[in-house]
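*Asks:* got a predicted model here, sequence first, then my questions.
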Amino acid sequence: MTWQANILTLFPEMFPGPLGLSLAGRALREGRWGLRAMDIRGFATDRHRTVDDTPFGGGAGMVMRPDVLDAACAAAVAESPAAPLVYLTPRGRLLDQALVRDLAAGPGVVLLCGRYEGVDQRVIEARGMVEVSAGDVVLSGGEPAALLLLDACVRLLPGVMGAAASAEEESHGTEGLLEYPHYTRPAEWQGRAVPPVLLSGHHAEVARWRRTEAEAATRARRPDLWDRHLRRRAESHEPAE
Ligand code: SAM
């Protein structure tokens with residue numbers, strides 16, 4: 001079965017956008033995944049095709065109506081009944097590679113992109129939506145977050161990346177480390193030399209150097225990831241270096 005992404009959005013023309021190019025675009029044309037952007041406005045019932053209203057309790061901005069969104073969700077879920085329904089929101093759990101791996105291993109995803117001040121809470125609860133945030137930032141709409149999530153999932157689908165890259169070794173892989181730094185030709189550039197070990201041809205030494213660099217980068221840049229890595233290592237009784 002093809003991994004299917006159904007997007008609920010007020011801006012269907014934003015899709016596939018960048019996902020129509022490069023790796024994801026080729027995979028889309030090859031039928032390795034499917035994409036359907038559904039216009040939420042098509043589920044409004046009044047002649048002005050209204051999708052939002054003022055917030056109860058007052059305050060700035062507009063809120064997306066639960067009745068319109070529920071009808072849109074019903075249509076998307078009917079097409080992908082087994083896929084999780086994800087609402088992209090800064091109030092959600094942070095997107096990370098573990099969640100991306102889970103989603104990519106499933107049948108696909110239904111993504112609800114909010115606009116305005118967001119979505120009526122009742123439809124989130126009634127539909128059992130999984131709330132996911134693209135980061136601790138506020139975007140003007142869920143669409144860029146949806147593109148981000150889809151890009152991360154699609155590259156993990158079978159046959160998309162090919163042999164060129166390994167999802168195991170890169171940042172946020174199974175060990176939870178950041179990746180080591182990369183170098184290519186020329187071997188010296190603007191007075192900066194490539195670390196000599198990388199020119200040595202000793203595979204074991206290269207692997208050891210990369211591991212040390214990955215650990216040092218994680219420790220220095222992301223103490224949160226480093227702590228988690230150490231905890232996991234302790235749990236698996238692997239001796240610390
Ligand atoms: N009032 C909301 C709040 O303070 O949490 C922000 C609303 S935002 C202007 C409009 C829409 O953009 C949201 O409903 C959500 O769908 C999307 N959005 C904004 N930031 C996001 C983020 N960090 N991750 C995922 N979606 C986001």
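*Replies:* All right, it came through fine.
*Asks:* pick out the residue of this protein closest to the ligand.
*Replies:* G114 (2.3 Å; CB to the nearest ligand atom). Yep, even glycine has a C-beta here, placed from its N, CA and C like the rest.
*Asks:* show me where this protein has its helices.
*Replies:* 22-29, 66-79, 97-105, 121-126, 143-154, 203-221, 223-235 (DSSP state H).
*Asks:* now these as a markdown table including distance to the ligand, mean neighbour count and mean pLDDT?
*Replies:* Formatted as a markdown table, the helices of the chain follow (distance: least, CB to the nearest ligand atom, whole Å; neighbours: other CB atoms under 10 Å; pLDDT from 0 to 100):
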| stretch | distance to the ligand | mean neighbour count | mean pLDDT |
| --- | --- | --- | --- |
| helix 22-29 | 19 | 16 | 98 |
| helix 66-79 | 11 | 18 | 98 |
| helix 97-105 | 13 | 17 | 98 |
| helix 121-126 | 10 | 15 | 98 |
| helix 143-154 | 4 | 22 | 98 |
| helix 203-221 | 21 | 14 | 98 |
| helix 223-235 | 18 | 13 | 96 |
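*Asks:* circling back: the residue lying closest to the residue of the chain closest to the ligand once chain neighbours are set aside: neighbour count?
*Replies:* Spatially, and ignoring its direct neighbours in sequence, G114 is nearest to G142 (4.8 Å; CB to CB, 6 or more residues apart in numbering). G142: 28 surrounding residues under other CB atoms under 10 Å.
*Asks:* ditto for L88
*Replies:* That count, for L88 with other CB under 10 Å as the rule, works out to 27.
*Asks:* residue contacts, it?
*Replies:* L88 makes contact with L111, L112, C113, G114, V132, S133, A134, G142, A145, A146, L149, according to CB atoms under 8 Å, 6 or more residues apart in numbering.
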